[in-house]
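1. fold the following, please.
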Amino acid sequence: MRSFFFNFLIFLILAATLQGCETLNSNAKPDEYADWDAKSLYDKAKTAMDAGNYQKAIKMYETLESRYPFGDYAAQTQLNIAYAYYKNDDPETAIAATERFIKVHPRNPSVDYAYYLRGLINYNRSIGFLERFLPTDSSQRNPSNVKEAYDNFALLIRRFPNSKYAPDAKQRMLALRNNLAMYEVHVARFYLKRKAYIAAANRGSYVVKEYQRTPAVPYALQVMEQAYSKLGLQVLAADAKRVYEENYPDGPPVAEHQNTTAIQKLWNFFGFDQ
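-> As a prediction, this is how the structure comes out:
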């Protein structure tokens, strides 16, 4: 008797479970792309991306990838979805998509663009909301993404020197190098303010040696002169001053970017303490 009731109870549980599954299936949202072929998905996704509707484009590209992983549009879809992720403010996924494309399609005619896009993502990924609308000094941000972007562009130029993206990559590398140099100056000034004069002088000397012909050099020389003076190394201080005056008699050729006023005004407007 107990066995009968136990079996009956199991039957009721299974019946309820199956009924629940049927209810869930009946309420499931139908696949709006169910009858679309590969070309239709690709064309509509490209249209959505061109219109700036990146979320819709991503959904269509993901559907296309899952249904036709080895189809005629597979490679271009992987490249396009990387760009769509990038424009949809999802840099991590975009980077992963470019790296997958490079790994799977190393001889694809568009692989140079994947290298370029990876650099472009790192070039822009640290730009936050404030920096998009206000003039800020990007050299004061953490340089990790800057270094990654620089290495990405350098790799592109090394592997594809004739790529149509190489000229733009070179220009971006120049700006990145300038930022890296100014970041070192900011660090040197920090040491100077903390009275770590040896560290400040070494950081300034590093800029002069490793980042020649960048706008940061005259500022590095100024830090060196101050640091050596504080250390009582008057000969070295005079030497730094002489080099500065010989090469920059009218002062630094590029004025240092000032942004604190604009930022402070915005924060004061919203009533925040920076």
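2. what does stretch 227-237 contact?
-> Outside of stretch 227-237, the residues within contact range by CB atoms under 8 Å, 6 or more residues apart in numbering are 188, 191-192, 195, 197-198, 200-201, 204, 224-226, 240. From N, CA and C alone the C-beta is placed, and that goes for glycine too.
3. tell me what the longest helix along the chain is packed against?
-> Longest helix in the chain by number of residues (criterion: DSSP state H): helix 166-193. Judged by 3 or more CB pairs under 8 Å, 6 or more residues apart in numbering; DSSP states H and E, helix 166-193 is in contact with helix 111-124, helix 144-159, helix 197-210, helix 217-230.
4. which residue ranges of the stretch 1-150 of the chain form strands?
-> For the stretch 1-150 of the chain, applying DSSP state E, counting those that start in this stretch gives no strands.
5. find the residue ranges of it scoring beneath the pLDDT cut-off.
-> Low-confidence segments of the stretch 1-150 of the chain, defined by pLDDT under 70: 1-34, 126-143.
6. what separates residue 208 from residue 53, distance-wise?
-> For residue 208, the distance to residue 53 equals 50 Å [CB to CB, to the nearest Å].
7. who has more neighbours out of those two?
-> When residue 208 and residue 53 are compared for neighbours, residue 208 comes out ahead with 19 against 16, by other CB atoms under 10 Å.
8. could you pull up the residues touching that one?
-> 217, 220, 221, 224.
9. distance check, it against residue 177.
-> When residue 208 is compared with residue 177 (using CB to CB), they lie 14 Å apart.
10. before we move on, what about residue 81?
-> 31 Å.
11. for the two, indicate the residue with more neighbours.
-> Using other CB under 10 Å as the criterion, residue 81 and residue 177 rank with residue 81 on top: 26 against 17.
12. quick check: the more buried one touching residue 60?
-> No - judged on CB atoms under 8 Å, residue 81 makes no contact with residue 60 at a distance of 9.3 Å.
13. circling back to that earlier point, which one among the contacts of residue 208 gets closest to residue 251?
-> Nearest to residue 251 out of the contacts of residue 208 is residue 221 (CB to CB; 11.6 Å).
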